[in-house]
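*Asks:* Mind looking at a prediction? Sequence and model below.
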Amino acid sequence: MSAHPSPDLRPSTTGSARPLTTGKRAPKARRPRLAKRLLPVVLAGLLAFSGWALVAARDLDSSAAAGNRALTDKAGTAAATGDISNTLNTVFSYGPKSLDATQQAARQLLTGTAARQYQQLFAQVRSRDSAQQLTLSTQTVRAGVVTLHGGTARLLVFLDQTSSRADGKKATAAAQLSVDARLSHGQWIITALTAR
Amino acid sequence: MTLRGARNPLVAAALALASRPSQPAGASGASTAVLPEPEAADGDGPAAQEPAPAPEPAPAPEPEPDDPSDPPGDTPQDTAEEDAPAARRPRSRLLLTALAVLLLALGAAVWASVGWYRAAHDTTAAYSRDRDAALAAGEQAVQNLNTLDQQHLAAGLALWDSSTTGSLHTQLAQGRAPFLKQVKQAKTSTTAKVLSAALTELDDRAGRAQLMVALKVTVTAPGQQATAKTERLTGQLTRVHGGRWLLSDLGQAPTDDGSTQQ
């Protein structure tokens, strides 16, 4: 800006200065006009970029992957697998003398459709029990969290179920369950069970 | 895009300001500098105040050398007012506003890109993407390995190759010939469906993951009814070059007594 010989203008305020000033005016006028045109372009560019960055960041943050905290939340994942493994071991382990205790525990640990399914199953067990004197022992051998969203989770669980009769016969069966659960006062409660 | 961006207060402020300078700019160009002056002063006051501390000293001296030479272009009236400080103000205010808007827009851009950079380099988000990629690849690979169509044996076995790596890949290749002979004799076709699957471990640095799958396998042989059974499998996934996850181990999860009957 200062490169222009503006001091030259001052001394020659006579008519001879007229052509000089008009000659000078052209580039001077162009610059603000250029800036006036450039500014919106630059602004639009900056805003477009900001918008893109915000949208991209939100897409990254709110993707389905990020919403599922299975394994990313180590403590939450461990709590869910631990609670649900313990619950399954408890509610699917019973003997002729521990039916009441098992059913009582199940009332605390199962709810919704899982509780209804369990009651039906247990009614069958009770009617058979006197004849078979069956003892069932369930061990969760592997549990994986499929999804973990805040207070709800879905797990896949592999169970080993060993049944022994009064006559001493034993049999072990493999079972796979999909488990839906809900966190309630720090304890995972099973809401649905699906045999796989 | 810009609409969404406007939810961010910074961008919204920049947007609001961006629409402003067009008014004073048009006013100062055509009409005299005297009239728009108070309006411009009112409008620019609050806007210029925010970024003022730093930029004000810098831009202020710049317009001054321009000013004396600029007014002569308009009318003789302007040259008369040249001495009055009031005439200089609209231009410098305009420049200040433009600078402030520019600075705000720059700030918004920086702020937004920092947010994007953080999201893109969020290790938890990256880990969860790895988890989903590994699980999806694992499900597909397990299904591939339990599917074999009698009519397309070569294609099926090629899929086995491309789904596996490491020891599992080697084992399958070694057992290929006797297995193929057996399948051709039995004329069986097998299809599989993943009922549910989960990762039980994921080491995204080492590129290793442990997988568990509940799988329904249906075997059909000519002249016989299809038989379906549910299998529970455990496997290991390994990340190979190019970021793909391949099965490096797969087997039935045995029960205590070694049987795998349900």
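*Replies:* Received the coordinates, thanks.
*Asks:* Now do the one residue in chain A that gets nearest to chain B against B:A197, distance only.
*Replies:* Nearest residue of chain A to chain B, counting by CB to the nearest CB: A:G144, 2.9 Å away. (Glycine included, C-beta is placed from N, CA and C.) For A:G144, the distance to B:A197 (CB to CB, to the nearest Å) stands at 8 Å.
*Asks:* which residues are common contacts for those two?
*Replies:* Taking CB atoms under 8 Å, 6 or more residues apart in numbering or on different chains as the contact rule, A:G144 and B:A197 both touch A:156, B:212.
*Asks:* Outside of stretch B:224-234 itself, list whatever touches it.
*Replies:* Under CB under 8 Å, 6+ apart, the answer for stretch B:224-234 is A:142, A:158, A:174, A:176, A:196, B:142, B:146, B:195, B:210-220, B:250-253, B:260, B:262.
*Asks:* Can you list the buried residues in stretch B:238-257?
*Replies:* The neighbour-count check on stretch B:238-257 (16 or more other CB atoms under 10 Å in any protein chain shown) flags B:238-239, B:245-250, B:253, B:255 as buried.
*Asks:* between the residues you listed, which is nearest B:L103?
*Replies:* In terms of CB to CB, no member of the buried residues of stretch B:238-257 lies closer to B:L103 than B:R239, at 45.0 Å.
*Asks:* Quick check: beta-bridge partners of that closest one?
*Replies:* Under DSSP bridges, the beta-bridge partners of B:R239 are B:W245.
*Asks:* what's near enough to touch it?
*Replies:* By CB under 8 Å, 6+ apart, the neighbours of B:R239 are B:134, B:207-208, B:245-246.
*Asks:* so what's the residue of chain A closest to chain B up against?
*Replies:* A:81, A:155-157, B:197-200, B:212.
*Asks:* Max pairwise distance over those residues: which two?
*Replies:* Spanning the widest gap among these are A:T81 and B:A197, at 15.1 Å by CB to CB.
*Asks:* Same drill for those two, tell me which one is more crowded.
*Replies:* Neighbours per residue (other CB atoms under 10 Å in any protein chain shown) separate A:T81 from B:A197, with A:T81 holding more: 24 against 21.
*Asks:* Tell me which residues of the helix or strand that contains the more buried one come out buried.
*Replies:* Secondary-structure assignment from DSSP states H and E places A:T81 in helix A:74-91. By neighbour count with 16+ other CB under 10 Å, helix A:74-91 contains the buried residues A:76-77, A:79-81, A:83-85, A:87-88, A:90-91.
*Asks:* before we move on, what about stretch A:59-66?
*Replies:* Using 16+ other CB under 10 Å as the test for burial, stretch A:59-66 gives A:60, A:65-66.
*Asks:* Can you give me the domain assignment for the chain?
*Replies:* Since you didn't name a chain, this refers to chain A. A:6-60, A:68-195 (automatic domain parsing).
*Asks:* Wait, chain B was what I had in mind.
*Replies:* Using automatic domain parsing, the domain parsing of chain B gives B:2-120, B:125-252.
*Asks:* pLDDT of stretch B:231-245, averaged?
*Replies:* Mean per-residue pLDDT for stretch B:231-245: 95.
*Asks:* Kindly report the same for stretch A:85-98.
*Replies:* 93.
*Asks:* touching chain B at all, it?
*Replies:* No - Stretch A:85-98 stays clear of chain B (CB under 8 Å from any CB of the partner chain), getting no nearer than 11.9 Å.
*Asks:* how about stretch B:134-147: buried residues?
*Replies:* Neighbour-count burial for stretch B:134-147, counted by 16+ other CB under 10 Å, picks out B:134-135, B:137-139, B:141-147.
*Asks:* Could you list the buried residues of stretch A:139-153?
*Replies:* In stretch A:139-153, counting by 16+ other CB under 10 Å, buried: A:139-146, A:148, A:153.
*Asks:* re the thing from before, pick out the shakiest of the domains of chain A, pLDDT-wise.
*Replies:* The weakest mean pLDDT among the domains of chain A belongs to domain A:6-60, with a mean of 68.
*Asks:* quick one: the helices in the stretch 151-262 of chain B?
*Replies:* Assigned by DSSP state H, counting those that start in this stretch, the stretch 151-262 of chain B shows helices spanning B:153-163, B:166-174, B:176-186.
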